[in-house]
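S.K.: Mind folding the following:
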Amino acid sequence: MNGNVVDIKVASDTLMHVEAIVSAGLLAGPRGSRSVPPSVRLIADALYQLLSGGTVTGTVPGTLTITAGQQAKVADFQNMEKMCLASINQINGSQPYNLVVEI
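M.R.: Numbering: from 1, shown residues only. Down below sits the predicted model:
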């Protein structure tokens, strides 16, 4: 974890979309102690499998069937998430307000 803050440019629609998702419950907990709630954890894990070569089939709402992707790539996504949350919590936890966007 390097905890660097990077200045990036995003379209306003992109930022509004990300902020809406985060506000709706993508992350839980107080500033400096954010985590992925269990209800979102299932979807994140399914997404990591899909992005790593697996498949997701089914209906929403309904039942999803997930086949495994390449486990090394899944582990990479899981590690990136862990590092991202650690950086967000380290940076925002030391401020009286959010200094970085929580994605």
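
S.K.: pLDDT below threshold where in the protein?
M.R.: Applying pLDDT under 70 to the chain flags residues 1-3, 99, 101-103.

S.K.: can you pull out the strands in it?
M.R.: In the chain, the segments counted as strands under DSSP state E are 55-58, 64-67.

S.K.: okay, these in a markdown table with distance to Ser33 next?
M.R.: The way it works is simple: take the backbone N, C-alpha and C, and place the C-beta from them, glycine included. Below are the strands of the chain laid out as a markdown table (distance: least, Cβ to Cβ, whole Å):
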| stretch | distance to Ser33 |
| --- | --- |
| strand 55-58 | 30 |
| strand 64-67 | 29 |
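
S.K.: For those, please prepare CSV with the additional fields mean neighbour count and distance to Ala24.
M.R.: Converted to CSV, those look like this (neighbours: other Cβ atoms under 10 Å; distance: least, Cβ to Cβ, whole Å):
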stretch, mean neighbour count, distance to Ala24
strand 55-58, 12, 21
strand 64-67, 12, 19
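
S.K.: Out of the ones you listed, the one nearest Ser35 is which?
M.R.: Each of the strands of the chain was scored for nearness to Ser35 using Cβ to Cβ, and the closest is strand 64-67 (21.9 Å).

S.K.: Keeping just the C-alphas, turn the closest one into CSV.
M.R.: Output in CSV follows, covering the C-alpha atoms of strand 64-67 (Å, rounded to 0.1, in the frame of the first residue of the first chain):
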residue,chain,number,x,y,z
LEU,A,64,-27.1,-16.8,-10.4
THR,A,65,-24.9,-19.7,-11.3
ILE,A,66,-21.2,-18.8,-11.2
THR,A,67,-18.4,-20.9,-12.7
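
S.K.: I am finished for the moment; much appreciated.
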